[in-house]
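Visitor: coords please:
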Amino acid sequence: MTTRRCFTQLSAAALLPSTWAFAARAATAMPDVARILIGFPAGGPIDALARRVADRMRGKYAGAVVVENKPGAGGQIGILTLRDSAADGTNLLITPSSMLSIYPYTYPKLRYGLADVTAVSVAAHTDHGLAVGPGVPDSVRTLADFLAWFKANPNNANYGSPGAGSMPHMVGVLLSQITQLDMRHIAYRGTVPGVQDLLGGQVPAFWGPIGDYLQHTKSGKLRVLAIAGGKRSVFLPQVPTLQELGYPLKVSEWYGFFLPGKAAPEVVKRASDALQAALTQPEVVDFGKQYGLEIRASSAPELARMLQADADQWRGLIKQTGFTAES
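Guide: Just a heads-up that it's a prediction; the model follows:
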């Protein structure tokens, strides 16, 4: 004889498969609107890439895919916005690796950690370069010229970067330590305002992604003296690396797409599939070349492994050098 209690249990069990199916459909259904967050102002290469990717995801991943710029604190505001967003796939972030692999060790009171984000896909790779503009004499054409000018003009020995504690900032600090020159750092809210000041002569030099310089090097307004990557960039093949010039520095940066930390596996897969489709389109790859970006996609596990490996590497290097966001 079936009791009321047994009947209730059996009825609930019978409903479980349909309940799971409904939950799975809800997690992977196309939303009306999704947004891609960026922790920097509009106008730079990463912003341009995000908008091109959003165009390719529109109508496939969501009815509308919009880009929202959340500048501030060297990219931290974008990550904090993602952390506090719904983890249903409607909120993605594209960020340089610095904010996740370096900031945890350079900001003692950082308000997020690796657990607050879920890796989805690599977006692109870039190199950082040292550029000078009208704030230095036209005779400064090489890194040696620049260092000599810095030494002779200590009151003007400043350089900018896209954010305190970022990878470009760290390269500047390491070069300052190696050369024993007191290069004073100026932190900007992203590369775009920094390059604007570089063009205006308000800051003599800037360490940042080479893509932000390309149009200005072609016009002759800026000169890139060195890059920090392990080999010369295909976008600036005439510019030597720091290693070529005798400085033992070799770093490059990647950009990645992330979801909030509590995103479910099916949500991650749906976002990963959509990004793979968008990033591998030839027109997106070609578009990236205009901005000094080597576009590439990856699986979510691959990006997660890259992030953890980078974080482990930077933790040791930062401890060894004593580098901080206030350096």
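
Visitor: tell me the contacts of the residue most central in space within the chain?
Guide: Here the mean C-alpha position of the chain is nearest to the C-alpha of Pro96 (Cα atoms, centre = their mean), at a distance of 1.2 Å. By Cβ atoms under 8 Å, 6 or more residues apart in numbering, the residues touching Pro96 are 46, 75, 166-167, 253-255. Glycine gets a C-beta too; all of them are placed from N, C-alpha and C.

Visitor: what do you get for Gly78?
Guide: With Cβ under 8 Å, 6+ apart, Gly78 has these contacts: 37-40, 70-71, 93, 95, 99.

Visitor: Quick check on the closest residue to it other than its chain neighbours: phi, psi?
Guide: Excluding its sequence neighbours, the residue lying closest to Gly78 (Cβ to Cβ, 6 or more residues apart in numbering) is Gly39, at 2.5 Å. Per-residue torsions, Gly39: phi -90, psi 20 (degrees, to the nearest 10).

Visitor: Quick check: Gly39 vs Gly246, distance?
Guide: To Gly246, Gly39 is 35 Å away according to Cβ to Cβ, to the nearest Å.

Visitor: the more surrounded of these two?
Guide: Gly39 (27 against 10; other Cβ atoms under 10 Å).

Visitor: Who are the contact partners of the more buried one?
Guide: With contact set as Cβ under 8 Å, 6+ apart, Gly39 has these partners: 70-79, 81, 93, 95, 99, 190.

Visitor: again, only using 10 Å
Guide: 46, 69-82, 93-96, 99, 163, 189-190 (Cβ atoms under 10 Å, 6 or more residues apart in numbering).

Visitor: same check, this time on Leu82
Guide: 35, 37, 39, 70, 91-93, 95, 112, 116-118, 258-261.

Visitor: just so I have it, where are all the helices in the stretch 101-250 of the chain?
Guide: Assigned by DSSP state H, counting those that start in this stretch, the helices in the stretch 101-250 of the chain fall at 103-106, 143-152, 167-179, 191-200, 214-219.

Visitor: how near is Ala64 to Ile77?
Guide: Taken as Cβ to Cβ, the span from Ala64 to Ile77 is 23 Å.

Visitor: who has more neighbours, the two?
Guide: Shown here are Ala64 and Ile77; by other Cβ under 10 Å, Ile77 has more neighbours (18 against 14).

Visitor: How much space separates the more buried one from Tyr103?
Guide: 12 Å.

Visitor: Give the ranges of residues in the protein that sit below the confidence cut-off.
Guide: Under the criterion pLDDT under 70, the flagged ranges of the chain are 1-28.

Visitor: Pop the domain breakdown of it in here.
Guide: 32-125+253-321, 128-227 (automatic domain parsing).

Visitor: Next step: the contacts of Pro96 restricted to helices.
Guide: 46, 167 (DSSP state H).

Visitor: May I see the contacts of Pro96 organised as TSV, with distance to Gln313 added?
Guide: Formatted as TSV, the contacts of Pro96 follow (distance: Cβ to Cβ, whole Å):
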residue	distance to Gln313
Ile46	22
Gly75	19
Ser166	16
Met167	12
Glu253	13
Trp254	13
Tyr255	18
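
Visitor: ok, so of the contacts of Pro96, who is nearest Pro204?
Guide: Ser166 (19.0 Å; Cβ to Cβ).

Visitor: Contacts only, for the closest residue to that closest one other than its chain neighbours.
Guide: Among residues not flanking Ser166 along the chain, Ser98 sits closest, at 4.3 Å (Cβ to Cβ, 6+ apart). By Cβ under 10 Å, 6+ apart, the contact list for Ser98 reads 74-75, 106, 128, 161-163, 165-170, 251, 253-255, 310, 314.

Visitor: likewise Arg184?
Guide: 154-159, 172, 176.

Visitor: which of those residues lies closest to Val132?
Guide: Tyr159 (9.1 Å).

Visitor: neighbours of that closest one, just the number please.
Guide: By other Cβ under 10 Å, neighbour count at Tyr159 equals 28.

Visitor: if I look at it, how far off is Ser139?
Guide: Using Cβ to Cβ, which is the criterion applied here, Tyr159 is 18 Å from Ser139.

Visitor: likewise Ala311?
Guide: 42 Å.

Visitor: those strands in the stretch 51-200 of the chain, which residues are they?
Guide: 64-69, 91-96, 117-126, 128-132, 158-161, 184-187 (DSSP state E, counting those that start in this stretch).

Visitor: Tell me which of those strands sits nearest to Glu283.
Guide: Between Glu283 and these, the tightest spacing by Cβ to Cβ is seen for strand 117-126, at 14.6 Å.

Visitor: what angle separates that closest one from strand 91-96?
Guide: 40 degrees (axes from the mean of the first three to the mean of the last three Cα atoms, to 10 degrees).

Visitor: in its sheet, what does strand 117-126 sit against?
Guide: Here strand 117-126 has these sheet partners by DSSP bridges: strand 253-260 (antiparallel), strand 294-295 (antiparallel).
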